[in-house]
Structure formats: structure tokens, C-alpha cells
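>>> Could you look at this predicted model? Sequence included:
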Amino acid sequence: MKTVSVKNRCKFSVAGKPAARLESLPAPARVAALPNQIPLIRPRLLVKPNDAVKLGTPLVEDKGNPNLKLLSPAGGEVADIQYGPRRVIEAIVIKIAPDEPYVEFPMIDETWVSGMGREEIVDALMARGLWPLIRGIPFNGIADPKETPAAIWVPLDITDPFHPPSDIYLFEASAKENLLLGIKILEKLADRVSICEHRDRRLSDERLQQVVTHRAAGPFPAGDPGVMHYQTKQSAKENRAWYITGQDVIRLAEGFSSGKYPTSRVMTVSGAHPENNRHMRTRLGAPLKSLVKTIDRPNAYRWVTGGLFTGYSAAPDGFMGLYETSLVLVPEVTENELLGFARPGLKKPTSSRTFLSALTKPTLPVDADRHGELRACVNCGYCAAVCPVEILPQYTYKCINAEEMEEALAHGLLDCVECGLCSYVCPSKIELTETFKDTKHKYYWGKI
Amino acid sequence: MITKYIQRLFDARRDLFEEGGRLEKLGPFYEAAEAFFLYPVIPTRKSPVVRDSLDL
């Protein structure tokens, strides 16, 4: 087994860890699909308000590839279709019916999978709405089935703080069985399937240990599939790869063996509201408010779904998306800090050595304050010191601003894994990650 | 409490130092003094929502 550690590291310890127990939540009354949160697709709506839908009915299809469909995460009625700016489809809300009708797919067991070819597996995944769970490196969009990837990465643990760890979502015996079946399905799609565990969370199950090929070591973003692929690839031929998270591999297998679109997910709530911090089994597309027990002033917190560093802000009335398994409640700051420049900073989280907290290294709560105004880049090199794929973010950013795309690519723009650490540490508060993400998307669509 | 009091103090004189005010030319000094006493809160708008406390 190969151990991969990241040379550049960012030191931080964030308070608000969830309790190490798994609760089962009652089924919510409504769930939603969020097409706008799936990168690099052009969704075409296939339903309208008040339409009756089954669990597994197609809700949207990709205009570029109509075989690629997002299926309904519940059976019932389309209660609402929410549009965002410029009429992007933000959410398709489904009111769940008591009997919850579902689309029945032919059941496929392990023996069937062994006899299936690559094309048959692709067709089965597309028909069951499971293909979108497989994503591509370097653009993080849905994988292109016509492509032959160098590898399929399966990170069992996401090291962005507070995602459900493998020992929680693999606790049940059926989850372990499904993971093994899911790996067999993936082995039909690529020559190499790399299963990656984290050094701090080694699997105890012997059968699972036998399938693990890589071990990640170190803090976030060690274990990220983009980082693992960057650290292990041998040549430019291996630039493209696919990845799918451990939980989604379980869903692939569930979709094959049960004949139903799988909706069960383990999610995590963490952050500034300790009584809500726990792991829970709930449904795909669950409302954010259904995940928290009590919250007095919902607008006093930033509701971050998808991870502290890689996630996005959602409204308290929002829903969990297809890929999100983590909700972090980060307090909003409304009052200016008295003599903020003069304080020694014993309680200020930082990866630098500017504040006294660098000596004591405490676990500190974080907030949604930017901690400073936007300023020009001063080439301090903080971003380069934490970049896990060793690009020089400050120069890449300047190349993009100067519209020197070839220079930006030469600096390694496409290796960027969008971990968010460069934006986090930047003392000039430059939105580096968003700039890189936007530029990668423009490059993908051929706009630059 | 003290923060709110100081904020009110600065707000009461703000118009003198803004564009068209009698002490417009001293505006930058006023802003520097305000930032020293009251370190401004600027919410994050883009990902990641949390940022390092280090400011230039």
C-alpha cells in the first residue's frame, strides 16, 4: 500500500466537532433536487409544478447529453420549482406522498455485475440516475463516459473538517457489503480503481483492508482525490481521472441491488451550535432545517453545506444537494471588534505566526468574517506555502488577470483542486479559489 | 456596550469628514482612527466562508 502525504500543510484546528454517534432522523415532508449545484451541466427541466412524480422519475436532463438525467429524490408531487438570478433552476421541491411510489429498475446482483461489460454498466448507471455520482478530474464536473480515465479514486474519508467519517457510514454490515459491490462495479469502468483511506482512520474490517490501495497522511486536503492523483500520477497521459466518494460507492451498489433509486445518506451537522452537532442518517435532498434540533435565530448563522472550506453558503430554508453530506453552522459577526488591531490574538484562529494563538495552538471557533478588506497581492507567498498541488497561486492569479491563459495553464491552473486554502490564508483577502474555479469553468466551455 | 458607544461617537461626526464636509481633507485620518478603535466586520461572500485572522 502506498502512503501519500502532502508537503505543503496548513495548520488549523476548528471547534465544533460532531458527536461520534449516528442518529436516524424521521423522514422529512419535502426534499429537493438542486441542479444548479452540479457543475458543468446545462439542465433542461422535464417536470412542472403539481406534476406527480415517482422516486426515480427524471426531473432534469443535460442539454449536452440527454442520457444524463437527475432523478427525483422522492415520490409525490412537485411542490415548487425555485429559480435563481437569470432563471437558473435552483431547486425542484418534491412533497413526499405517504405511499411514495417509485420507479422499479431491474435488480442486478454481484453475479450479474461480473458478467456485464463496460457499456452495459454505463447504461445501467445512466438509467438509474447514478452516473452523476462519478465526477471528473480536473474540472470536477460529471465524468464523461466516452473518456477512459487513468484511475477512479475512491476517497473513504474527506478530510475537510466535519464530513461523515468512514467508521460511521460503514458501521452497518450491509454498508460494507455494498462498498465491496460498488468497487466491483467501478472496476468495470477503468483499469485502475484506487481506494484511499486516511492514516488516522484505518479500516478495521479485514475484507475492506484488502481492497485499500492508498493511504493519505496529514491534515486537509490530504485524501482529496485531486491531491492523491496529482501526487501519484506518472505522466501527462494520466492527467484525467474520475472520482467518487465512499458513501456514493455504497449508493451505486444499493441502486443496483435494490432496483430503487437510493436515497439514504449519512450526514453531519457541526459548528457553533453544540447541541446540534452529530451524525445522522437521513434522505438525499433533506431540508437543512430538518437536520438541526433547535436553533433560535437561524439568520445569526451562515449555513454552509458541502464542507467548511469547499462548501457554499445556503439559505436556512435550503436543501442538501446531490454531493453534500455536511452542514456547518458558522456564526455571522455583526459588531465591529474593539481595538482589534491592538489585541494579542489569543483567540484568533490563524495559520500564521502573527497572533499569540500560534504559540498555544488552541482549538478555536471560526466565524463568517473576512478579517480584513480586499487589498493588492503583495507576493507574501502564504498561498504557495499551503497549496497541496504545489502551484504558485499568486502568479497563476496574476496570469489570469492579465488574460495570459497559456501562462496560467503552465503554472498548473488545471491541477488546482479547489480546496480553498489559498483564499483562507490570503492576508490580502483575494478570492483566489473562486477565480481559479471560474477560470477552469470558462476554459472547459471554451470561452477563453 | 463600549463598542456601541464608540461607534455612535464616530457616526455623529462622520458627515464632517465625508465628501463635501468641512473636514473632508482629514477623511483618511478619520477612517484610520475608526479602524484602529473599531476593527471593521466584513462578511465573506464567496467560498470558503471562513478566513484566516491575519490582515495586512
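Right, received. Where do you want to start?
>>> what's the burial count for residue A:98?
6 (other C-beta atoms under 10 Å in any protein chain shown). Backbone N, C-alpha and C define where each C-beta goes, glycine included.
>>> ugh, wrong one, I meant residue A:60
Close neighbours of residue A:60, defined as other C-beta under 10 Å, add up to 22.
>>> list the contacts for whichever residue of the stretch 301-448 of chain A sits closest to chain B?
Closest contact between the stretch 301-448 of chain A and chain B, by C-beta to the nearest C-beta, is at residue A:340 (2.4 Å). By C-beta atoms under 8 Å, 6 or more residues apart in numbering or on different chains, the contact list for residue A:340 reads B:38-39.
>>> Verify the contact between residue A:117 and residue A:123 for me.
No. Using C-beta atoms under 8 Å, residue A:117 makes no contact with residue A:123, being 9.8 Å away.
>>> And those two? Which one has more around it.
Neighbour totals were compared for residue A:117 and residue A:123, and residue A:123 leads with 15 against 9 (other C-beta under 10 Å).
>>> Okay, the more buried one and residue A:105: tell me how far apart.
Distance of residue A:123 to residue A:105, given as C-beta to C-beta, to the nearest Å: 12 Å.
>>> Residue A:43 now?
22 Å.
>>> For the residue in chain B positioned nearest to chain A, give me its contacts.
Ranked by C-beta to the nearest C-beta, the top residue of chain B for proximity to chain A is residue B:39, at 2.4 Å. Taking C-beta under 8 Å, 6+ apart, we find residue B:39 in contact with A:336-341.
>>> Give me the residue ranges of the stretch 201-350 of chain A where confidence is low.
Scanning the stretch 201-350 of chain A for pLDDT under 70 picks out nothing.
>>> can you pull out the strands in it?
Remark: strands assigned in the stretch 201-350 of chain A by DSSP state E, counting those that start in this stretch are A:214-217, A:241-243, A:264-271, A:278-283, A:301-305, A:312-314, A:326-331, A:337-338.
>>> Parallel or antiparallel, which strands does the fourth one pair with?
What that stands for is strand A:278-283. Looking at strand A:278-283 with DSSP bridges, its partner strands are strand A:22-24 (parallel), strand A:264-271 (antiparallel).
>>> Using PDB, write out the CA atom coordinates for it.
What follows is strand A:278-283 as a C-alpha-only set of coordinates in PDB (Å, rounded to 0.1, in the frame of the first residue of the first chain):
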ATOM      1  CA  ARG A 278     -24.000  15.000  15.400                       C
ATOM      2  CA  HIS A 279     -24.100  12.400  12.600                       C
ATOM      3  CA  MET A 280     -27.400  11.400  11.200                       C
ATOM      4  CA  ARG A 281     -29.000   9.100   8.700                       C
ATOM      5  CA  THR A 282     -31.500  11.000   6.600                       C
ATOM      6  CA  ARG A 283     -32.600  11.400   3.000                       C
END
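>>> neighbouring contacts of it?
A:18-25, A:27-28, A:31, A:73-74, A:164, A:168, A:263-269, A:290-291.
>>> The last one now?
Residues external to strand A:337-338 that are found in contact with it (C-beta under 8 Å, 6+ apart): A:343, B:2-3, B:6, B:37-39, B:41.
>>> at 7 Å instead, please
B:2-3, B:38-39 (C-beta atoms under 7 Å, 6 or more residues apart in numbering or on different chains).
>>> And the second one, by the same measure?
Contacting residues not belonging to strand A:241-243 are listed as A:134-137, A:143, A:149-153, A:155, A:190, A:225, A:229 [C-beta under 7 Å, 6+ apart].
>>> Could you single out the nearest of the residues you listed to chain B?
Distances from chain B to the contacts of strand A:241-243, taken by C-beta to the nearest C-beta, are shortest for residue A:135, at 17.2 Å.
>>> From the structure, what's the count of residues near the closest one?
Residues near residue A:135, counting by other C-beta under 10 Å, number 22.
>>> That one bridge partners, please.
Residue A:135 forms beta bridges with residue A:142, residue A:243, as assigned by DSSP bridges.
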